[in-house]
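**Q** what shape does this take:
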Amino acid sequence: MECKYYLIETLGCQMNERDSETMAGMLEELGYGRAPDAAAEERAGDGRGAARHGADVIVVNTCSVRENADNRFFGLLGQLKHVKEADPDKIVAVCGCMTQQRRVVDEIRNKFPWVDIVFGAMNIEAFPSMLADALEKRRGISEGREPATPYAMSVDIRPERGEIVEGLPSRRRHAHKAFVNIMYGCDNFCTYCIVPYTRGRERSRTPDAILDEARALAADGVKEITLLGQNVNSYRAGGVGFPSLLRLVDDVPGVARIRFMTSHPKDLSDGLIDCYRTAQNLCPSIHLPVQSGSTDVLRRMNRGYSKESYLALTDKLRDAWSDIVITTDFIVGFPGETDADFDDTMDLIESVRFDAAFTFLYSPRAGTPAAEYGDRVADAVAHARFDRMVKRLNEITKEKNLAMLGGVYDVLIEGPSKTDKTMLTGRTPGGKLVNIRPPEGVGRGASRVGDIMAVRLTEAGTFSFIGEFA
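**A** Down below sits the predicted model:
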């Protein structure tokens, strides 16, 4: 029996990564294997080249949060056209947040008619049946039962999610850590954000479904679970809120580490902060996107909190766990941002001293309120602010990392380092990346992958450490 292969190229956030794992599970249930070279190219961060040519089904899982994600997607489709021309029997599927937008679907129809399947972020469960239909069309063309056209695009976009579909398969990227969706969608409607329009309104999975998945993962050897939602603080199902759900997951035998993202500051409760004091397996880290340090800008963003209330939250978090790792997101150049607004952001950076931050230039998204704001910040001004911010954030990150040198931390070993295959890599409880030298004359030891090992940090960079087994 001829072996068939798939390749999934994922753009965007952890929610997209989790969706891609679901689609990989679907394809493997249908008898497909990962394309040759896909794992190596995935580690290299691109997914180009031999894996594309070796795949029978190529899926592009799209992101629409930033303009550069749009550009990457359309550039990728342009590259895939040549792969498709070389082998018209390949199936190319496009899904995710971008395809929830009618303008994008129209553009795919008009400019990339060789794409076979288009579906959205709200109906992943439709993928296997759409793939079966596309394959049948291909067989019909090859057998002369259908018109000899190279194009037969199938489109299925749902404007809203229906009931949450449980029990979908999954093929995890990592053996010892896993993403677990606890909710879908978002009700916040920040003025710059397209997510509520592409992923729909908030819907929470039941605690029983989440706990069943967590138990199954633990039984399969998973040590670390990351609970996912656009705003996990809004989770509520069966009378259970997010702090209570965290405690339930904390009681699952075998789960050694719990993380979660993303947490909206306006909904961060004292009950959740208290979990950092009392939950046994909750990691001392939180991703708490602030976006701006200016209360005026935050109001125009419809974020629902002020600079002062955000600072109060970070103080509470550090009262609960003194060396908690706090990371964040910033948007620079939001419409109407003044020099004084940006100075407030820089002041907040100095006050909080984030361990790391994802920084973005404002990117207008069609269909969002902010896209209609007229007081755009000049590109040169926005770029200058961006560069100043990134420089200071990186300096603080390096300073905080240097302060950790010599310390011994429990590190979950994930596998060989991306940058040096003679070394192992893993993360501290706070999420800091560590590349580990094995003892002199000792191999990496596959048995260590998936173990939690004591590691002494011996060298510090801005974004990672080098360590040795303690």
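**Q** show me where pLDDT drops low in the chain?
**A** 1-2, 37-51, 141-152, 161-162, 440-447 (pLDDT under 70).
**Q** how does it divide into domains?
**A** 4-156, 174-283, 294-403, 408-469 (automatic domain parsing).
**Q** the ones you listed: which one's closest to Leu168?
**A** The minimum distance between Leu168 and these falls on domain 4-156, with 5.1 Å, by Cβ to Cβ. Using the backbone N, CA and C atoms, a C-beta is placed for each residue, glycine as well.
**Q** run a quick neighbour tally on Arg303.
**A** Residues near Arg303, counting by other Cβ atoms under 10 Å, number 22.
**Q** same check on the one 4 residues further on?
**A** Around Lys307 sit 20 other residues, with neighbours defined as other Cβ under 10 Å.
**Q** separation between it and Leu348?
**A** 6 Å (Cβ to Cβ, to the nearest Å).
**Q** for these two, list the residues in contact with both.
**A** Taking Cβ atoms under 8 Å, 6 or more residues apart in numbering as the criterion, Lys307 and Leu348 both touch Gly293.
**Q** picking that back up, out of the domains of the chain, which gets nearest to Ile164?
**A** Shortest distance between Ile164 and these, using Cβ to Cβ, is found for domain 174-283: 5.7 Å.
**Q** hey, where'd the helices end up in the stretch 51-200 of the chain?
**A** For the stretch 51-200 of the chain, applying DSSP state H, counting those that start in this stretch gives helices covering 67-86, 102-111, 127-142, 195-198.
**Q** tell me which of these lies nearest to Ala35.
**A** Among these, the nearest to Ala35 by Cβ to Cβ is helix 67-86 (11.4 Å).
**Q** buried residues of the closest one, list them for me.
**A** For helix 67-86, the neighbour count (16 or more other Cβ atoms under 10 Å) marks Ala69, Asp70, Arg72, Phe73, Leu76, Leu77, Leu80, Val83, Lys84 as buried.
**Q** adding distance to Ala55, write the helices of the stretch 51-200 of the chain out as JSON lines.
**A** Below are those laid out as JSON lines (distance: least, Cβ to Cβ, whole Å):
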{"stretch": "helix 67-86", "distance to Ala55": "8"}
{"stretch": "helix 102-111", "distance to Ala55": "19"}
{"stretch": "helix 127-142", "distance to Ala55": "13"}
{"stretch": "helix 195-198", "distance to Ala55": "26"}
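**Q** how about the ones you listed, which one is nearest Asn394?
**A** Of those, nearest to Asn394 by Cβ to Cβ is helix 67-86, at 19.9 Å.
**Q** the closest one: how far from the chain's middle?
**A** Mean-position distance between helix 67-86 and its chain equals 21 Å (Cα atoms, centre = their mean, to the nearest Å).
**Q** residue contacts, the residue nearest to Val381 when sequence neighbours are not counted?
**A** Distances taken as Cβ to Cβ, 6 or more residues apart in numbering put Gly333 closest to Val381, at 7.2 Å, once the chain neighbours are dropped. Residues counted as contacts of Gly333 (Cβ under 8 Å, 6+ apart) are Leu361, Tyr362, Val377, Asp379, Val381, Ala382, Arg385, Phe386.
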